Each structure stands twice: as structure tokens, then as C-alpha cells.
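1. Build me a model:
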Amino acid sequence: MAHLEESRYTPLNVLVIDDQPFVRKTVTVILRQMGFTKIKEAENGEVGLLICEDHTPDVIVCDIEMKPIDGLGFLKALRNDEKVKNKDIPVVFLTNHAESEVVKEAISLGVNAFIIKPPSLGALKGKIDKVLGFL
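-> Numbering: from 1, shown residues only. Predicted coordinates:
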């Protein structure tokens, strides 16, 4: 089973955006356990957007609360940036809480899924499989 999952995730590119190095490392470790090998990291939405302009990730795991550009600002820019080749890249938001206004805005901007921090392997795998159409 693990071998099958490795072959499923190995060719895919994933971008992790979070302003906390510990959270980025935690998410990266979980992604590696899942079988991802092509992982890029960004410390905020601004850097994440630049990466998306140069490379096309297959999925993005992104924190909501960051500066200078937060997750909502990143998502809005991603969906509207002329330099981004695939504006429909699946985005999974990491969040500490599920404030209804933030959730509503994220949904209106086109977020694909939410995960409560800290993410577990099961939660992250489930959401990524869902947004990538593996389920």
C-alpha cells in the first residue's frame, strides 16, 4: 500500500506556505511521509505567489494568518494573477480556528479545503486526496 501511495504522490509538486518555520517543517515531514518528494516552502503569501509564477504546484498547503500577505490575500492574488499558469491549483488552508467570516471569504475566493492546526497525517492526507481527486 505504501508503495502505491509513493508512486501516486512522488511526481507531484507541493507548495507549503506558512510564516512559522516549525509549522512548515511539520507539514513538510507529513508530506514526505505521504510520499511527496517535490516540496517547496514559502514564509508568506508574497513569496508563495512568486513561486507560483515560476513553477506550477499541483497542490498548495497555506496558512491563513500571515504578513505581509495573508492566506486570503494570497488566494485572491493566485486566482487573479496573469503570470500564474494554473489559477485553479487546489489550495488547502491551515487555520487555528474556523471563524465563519474568514471561512465564507475563503470559500468565495475559491479555497478547496480547510485543516485545523496542527495538521495530522490522516487529516492532511484526506484533504489532499480529496482536492486532487484521489478519493
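2. just the strands in this structure please.
-> Remark: strands assigned in the chain by DSSP state E are 13-17, 38-42, 59-63, 91-95, 113-116.
3. Just send those strands back as CSV, with mean pLDDT too.
-> Conversion of these to CSV gives the following (pLDDT from 0 to 100):
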stretch, mean pLDDT
strand 13-17, 98
strand 38-42, 97
strand 59-63, 97
strand 91-95, 94
strand 113-116, 93
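4. so which of those gets nearest residue 32?
-> strand 38-42 (7.2 Å; Cβ to Cβ). The C-beta positions use only the backbone N, C-alpha and C, and glycine is treated the same way.
5. Show me which positions of the closest one end up buried.
-> Of all the residues in strand 38-42, those buried under the rule 16 or more other Cβ atoms under 10 Å are 39-42.
6. Which strands and helices lie in contact with that strand?
-> strand 13-17, helix 21-34, helix 45-54 (3 or more Cβ pairs under 8 Å, 6 or more residues apart in numbering; DSSP states H and E).
7. Out of those, which is the most enclosed?
-> Mean neighbour count (mean count of other Cβ atoms under 10 Å) peaks for strand 13-17 among the helices and strands packed on strand 38-42, with a mean of 24.
8. would you list the helices and strands packed on strand 38-42 in JSON lines and tack on distance to residue 106?
-> What follows is these, written out as JSON lines (distance: least, Cβ to Cβ, whole Å):
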{"stretch": "strand 13-17", "distance to residue 106": "14"}
{"stretch": "helix 21-34", "distance to residue 106": "18"}
{"stretch": "helix 45-54", "distance to residue 106": "13"}
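9. Between those, which one is closest to residue 87.
-> Evaluated over the helices and strands packed on strand 38-42, closeness to residue 87 peaks at helix 45-54, with 9.3 Å, by Cβ to Cβ.
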